[in-house]
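**Student:** 3D model of this:
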Amino acid sequence: MDDKVKKLLNKLADEKFEYGKNDCFTYTARLVHTYHGIDYRHAHKYQGEKQALAYMAQHGGIEAMITGTLGYPLKSPLDCQDGDVVTAEVSKDQIALGFVYNDRANFKTEKRAVAVPLKRCRTGWRVK
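**Tutor:** Have a look, this model is predicted:
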């Protein structure tokens, strides 16, 4: 399992950011699928930046969208464990969805992939 997750993290980090193909949601969903065997990619469909932003706005933002998919968040992102999903402000006014692995939150941003401590995250969800 660890080897598959590490390989996918590296592969996705090297791939170009593209809304609907390799953005924070699809990045996280692919990692969740590898880790848990659960595929959420079908839950939210959009193409391109304009459609992605409109879709998220229609669903109340990324955190509301993920709460609708995974259920209520944990009390604290510090309660997250490997395989869980989190959000964090990764740049000014940009909240991204990420995947917890090795006690770090991993995110795909428009410029690069980043890993941050869980204490920098806003919200976390347990994937069951």
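**Student:** Can you list the buried residues in stretch 48-57?
**Tutor:** 52, 55-56 (16 or more other Cβ atoms under 10 Å). For every residue, glycine as well, the C-beta is placed using N, CA and C.
**Student:** burial measure for the residue nearest to residue 117 when sequence neighbours are not counted, as a count.
**Tutor:** Distance criterion Cβ to Cβ, 6 or more residues apart in numbering; nearest residue to residue 117, sequence neighbours excluded, is residue 104 at 6.6 Å. Neighbours of residue 104 under the rule other Cβ atoms under 10 Å: 18.
**Student:** Residue 117: what's it in contact with?
**Tutor:** Counting by Cβ atoms under 8 Å, 6 or more residues apart in numbering, residue 117 touches 103-105.
**Student:** how about 10 Å then?
**Tutor:** 77-78, 88, 103-105 (Cβ atoms under 10 Å, 6 or more residues apart in numbering).
**Student:** And for residue 78?
**Tutor:** So residue 78 contacts 103, 117-119, 121, 124 (Cβ under 10 Å, 6+ apart).
**Student:** Please check those and keep the buried ones.
**Tutor:** Counted by 16+ other Cβ under 10 Å, the contacts of residue 78 give 118, 121, 124 as buried.
**Student:** how about TSV for the residues you listed, with distance to residue 45 and secondary structure added?
**Tutor:** Below are the buried ones among the contacts of residue 78 laid out as TSV (distance: Cβ to Cβ, whole Å; DSSP: H, G, I helix; E, B strand; the rest coil):
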residue	distance to residue 45	secondary structure
118	29	helix
121	26	strand
124	24	strand
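**Student:** Which of the buried residues of stretch 48-57 sits closest to residue 16?
**Tutor:** residue 52 (15.2 Å; Cβ to Cβ).
**Student:** the helices in the chain, which residues?
**Tutor:** Taking DSSP state H as the criterion, the chain carries its helices at 2-14, 24-36, 48-58, 62-70.
**Student:** So for residue 96, which of the ones you listed sits nearest?
**Tutor:** Of the helices of the chain, nearest to residue 96 by Cβ to Cβ is helix 24-36, at 4.1 Å.
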